[in-house]
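Chemist: Predicted model, plus sequence, below.
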Amino acid sequence: NDTVYHEGIIGGLLRKLGFAPTSMNEGHAVVYSELADAGFTGIGVSCGGGMFNVCVAYKSIPAVTFSVARGGDWIDTHVSKVMGIQKVRATAIKEGDVNLMSPRSREEEAVVLYYRNLISYVLTNLKQRFQLARDVPQFSDPVEVVVAGGTSLVGGFVDIFAQELAKIDFPLQIAGVRRAADAMTSVARGTLIAAALSGED
């Protein structure tokens, strides 16, 4: 998705109000929100409706950040097509009481399939970008992965994410995968923390 226009418009409005806006990858915001105890070191993944945003950070400094234009809406669209159902119905199934580890119908199996495909796609991109990145710091200890956002709220998401992560042989040691304490507000909280720390500097 093209975010340049929206970033420019919002930035202009904030500057008119006397603020100095700084854009931030949502995954980076998740690091600020959830990984203070780890010195803001680890991997943050914001799982939204339109995009997944990822950041690998070392002591709050992003080593790798990127976004993919796939998210919960992408899952809804594809489940709708392959199952021959309305998109609103596919969304209702995905956002109902489905558990990715134990689907109970063909529709739920389709939801699981596309969740796995999306997570695998994001993690494959992460591995490739990490391997191609220059001047990546040395991570001496295993890092934690924290997921946030509405698309991460489905039952079994963390388990599927951990399974797909184990398949790709990621170059960093992973301490574990967990969901943010409040997955829906983690990004906003992280940007607030980053702004407060920036103000102190």
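Modeler: Sure thing, it's come through. Numbering: from 1, shown residues only.

Chemist: dump the residue contacts of Asp159.
Modeler: Leu100, Met101 (C-beta atoms under 8 Å, 6 or more residues apart in numbering). (Each C-beta comes from the backbone N, C-alpha and C, glycine too.)

Chemist: Give me the distance from the helix or strand where it lies to the chain's centre.
Modeler: Assigned by DSSP states H and E, Asp159 belongs to helix 157-167. With C-alpha atoms, centre = their mean, to the nearest Å as the basis, helix 157-167 stands 13 Å off its chain's centre.

Chemist: Looks like Leu35 contacts Ala29 (just checking).
Modeler: No - at 10.9 Å, Leu35 does not count as touching Ala29 under the criterion of C-beta atoms under 8 Å.

Chemist: so what sits against both of the two?
Modeler: Gly44.

Chemist: got the CA positions of stretch 179-187 in PDB?
Modeler: Extracted in PDB, the C-alpha atoms of stretch 179-187 (Å, rounded to 0.1, in the frame of the first residue of the first chain):
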ATOM      1  CA  ARG A 179       1.100 -11.700  21.800                       C
ATOM      2  CA  ALA A 180       1.300  -8.200  23.200                       C
ATOM      3  CA  ALA A 181      -0.400  -7.600  26.500                       C
ATOM      4  CA  ASP A 182      -3.000  -5.400  24.700                       C
ATOM      5  CA  ALA A 183      -2.800  -6.300  21.000                       C
ATOM      6  CA  MET A 184      -5.200  -3.600  19.900                       C
ATOM      7  CA  THR A 185      -3.400  -0.600  21.600                       C
ATOM      8  CA  SER A 186       0.300  -1.800  21.500                       C
ATOM      9  CA  VAL A 187       1.300   0.300  18.500                       C
END
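
Chemist: Quick one: mean pLDDT over it.
Modeler: What stretch 179-187 shows for mean pLDDT is 97.

Chemist: Name the nearest residue to Ala188, sequence neighbours excluded.
Modeler: Distances taken as C-beta to C-beta, 6 or more residues apart in numbering place Ala29 nearest to Ala188, at 7.7 Å, with adjacent residues excluded.

Chemist: Next, the contact list for that neighbour, please.
Modeler: Gly44, Ser46, Ser186, Val187, Ala188, Arg189, Gly190, Thr191, Ala194.

Chemist: Give me the subset of these lying in helices.
Modeler: Judged by DSSP state H, those include Ser186, Val187, Ala188, Arg189, Gly190, Thr191, Ala194 as members of helices.

Chemist: from what I can see the fourth one touches Ser33, true?
Modeler: Yes - in this structure, Arg189 sits in contact with Ser33. The criterion is C-beta under 8 Å, and the distance is 4.4 Å.

Chemist: Could you pull out the strands in the protein for me?
Modeler: Taking DSSP state E to define them, one finds strands in the chain at 42-47, 52-58, 61-68, 143-148, 174-179.
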